[in-house]
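> The following block contains a protein sequence and its predicted model.
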Amino acid sequence: MVYPNGVSGAWAGPSYAQTTVQEDLQFVADVLTDVRSAFCVDDSRVYATGMSNGGGFVGTLACDTVVGGQFAAFAAGSGSFYTDVNGPDNGCKPARSPLPILEIHGGADKSVNYTGGQGEGGVEPSIPDW
């Protein structure tokens with residue numbers, strides 16, 4: 001298990017993030033390269049998961065052809081999908097289709113509203129639309 005954390009506890013996407021999507025994608029690619037150089041890794045069993053802002057970045061990873069293509073599957077818990085606010089036209093280009101992804105979200109979530117709207121770090125899509 002590897003538990004990376006975004007700069008100052010945030011991944012790219014929300015207004016309070018201190019990095020860009022490209023910087024965080026490069027960071028994840030670098031972490032994968034580093035782990036593979038130090039350990040025996042079964043590439044068919046590399047997964048990405050995160051919660052809230054981390055869950056939102058899991059969605060960003062899933063939509064990236066290069067870095068996202070290095071993961072077998074994705075899971076987001078209460079994901080705040082700031083980078084996916086434009087719906088199906090957001091430029092998502094997953095490495096494969098179908099893409100194994102799980103999103104778990106509570107309907108009463110007050111922080112990342114299930115129906116979307118203004119979140120702590122900007123506008124978020126509704127979970128059913130996402």
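All right, it came through fine.

> so what does the helix or strand harbouring residue 33 touch, helix or strand wise?
Per DSSP states H and E: residue 33 is located in helix 21-38. Applying 3 or more C-beta pairs under 8 Å, 6 or more residues apart in numbering; DSSP states H and E, one finds that helix 21-38 contacts helix 53-62. (Glycine included, C-beta is placed from N, CA and C.)

> how many degrees apart are the helix holding residue 33 and helix 53-62 in direction?
Note on geometry: by axes from the mean of the first three to the mean of the last three C-alpha atoms, to 10 degrees, helix 21-38 and helix 53-62 are set 80 degrees apart in direction.

> which of the residues in helix 21-38 are buried?
Using 16 or more other C-beta atoms under 10 Å as the test for burial, helix 21-38 gives 21, 24-25, 27-28, 32.

> avg pLDDT for the following helix or strand past it?
Next helix or strand after helix 21-38 toward the C-terminus (DSSP H and E): strand 47-51. Averaged across strand 47-51, the pLDDT comes to 97.

> and strand 47-51 with helix 53-62, angle?
Between the axes of strand 47-51 and helix 53-62, defined by the same axes, to 10 degrees, the angle is 150 degrees.

> Show me where this structure dips below the pLDDT cut-off.
Across the chain, residues meeting the criterion (pLDDT under 70) sit at 85-90.

> Show me which parts of stretch 51-60 are buried, residue by residue.
51-60.

> list the contacts for the spatially most central residue of the chain?
Residue closest to the average C-alpha location in the chain (C-alpha atoms, centre = their mean): residue 58, at 1.7 Å. Neighbouring residues of residue 58 by C-beta atoms under 8 Å, 6 or more residues apart in numbering: 48-50, 74-76, 79.

> Ok, residue 27 next?
Contacts of residue 27 by C-beta under 8 Å, 6+ apart are 4, 19.

> That one and residue 20, how far apart?
From residue 27 across to residue 20, the span is 11 Å (C-beta to C-beta, to the nearest Å).
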